[in-house]
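>>> Predicted model and sequence below, questions to follow.
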Amino acid sequence: MKRIAVIGAVLEEPARTQTAFNDTVSTYKGIVKGRMGIPFEDENRAVISITVQAELDDINALTEKLGKIPGVTVKTAVSGENR
């Protein structure tokens with residue numbers, strides 16, 4: 001059953017972490033419905049929000065891969081089951 005989720009990520013030192021982050025997200029481009037990024041240049045950080053629609057296993061797999069990138073912190077909010 002497909003669910004809707006928002007994956008929120010904070011990238012420390014985006015110049016160092018952004019390529020790995022983008023490469024990982026692009027491997028899941030089929031489930032990505034939207035993406036928004038906000039740079040915090042004064043703090044050398046960036047915040048990225050990704051909206052996805054997929055099976056829970058795919059959402060968890062993407063979240064896990066993003067969370068394994070050094071300098072990236074990830075949290076995910078997932079919709080309840082459709083009735």
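Sure thing, it's come through.
>>> Do a quick rundown of the helices in the protein.
14-26, 56-67 (DSSP state H).
>>> Nearest to residue 44, out of those helices?
Nearest to residue 44, of all the helices of the chain, is helix 14-26, at 7.3 Å by Cβ to Cβ. Every C-beta, even on glycine, is put in place using the N, C-alpha and C of the backbone.
>>> what does the closest one rub up against?
9, 11, 32, 35, 39, 44-46, 48, 50, 62, 65-66, 69-72 (Cβ atoms under 8 Å, 6 or more residues apart in numbering).
>>> do stretch 66-74 as well
7-13, 16-17, 20-21, 24-25, 63.
>>> can you tell me the distance between the two ends of it?
Stretch 66-74 has an end-to-end distance of 7 Å (Cα to Cα, to the nearest Å).
>>> chain center to it: distance?
Mean C-alpha position of stretch 66-74 versus that of the full chain (Cα atoms, centre = their mean, to the nearest Å) differs by 9 Å.
>>> Report the buried residues of that stretch.
For stretch 66-74, the neighbour count (16 or more other Cβ atoms under 10 Å) marks 66, 69, 72, 74 as buried.
>>> from those, which is closest to residue 80?
Proximity of these to residue 80 (Cβ to Cβ) peaks at residue 74, which lies at 20.6 Å.
>>> thinking again about what came up before, tabulate the helices of the chain in a markdown table, adding columns for distance to residue 78.
Below are those laid out as a markdown table (distance: least, Cβ to Cβ, whole Å):
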| stretch | distance to residue 78 |
| --- | --- |
| helix 14-26 | 17 |
| helix 56-67 | 6 |
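>>> Make CSV out of the contacts of stretch 66-74 and add distance to residue 80, pLDDT and neighbour count.
Conversion of the contacts of stretch 66-74 to CSV gives the following (distance: Cβ to Cβ, whole Å; pLDDT from 0 to 100; neighbours: other Cβ atoms under 10 Å):
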residue, distance to residue 80, pLDDT, neighbour count
7, 17, 98, 23
8, 18, 98, 14
9, 23, 98, 22
10, 26, 98, 16
11, 29, 98, 25
12, 32, 97, 14
13, 36, 96, 12
16, 37, 96, 13
17, 32, 96, 19
20, 31, 97, 17
21, 28, 98, 22
24, 26, 98, 15
25, 24, 98, 20
63, 17, 98, 20
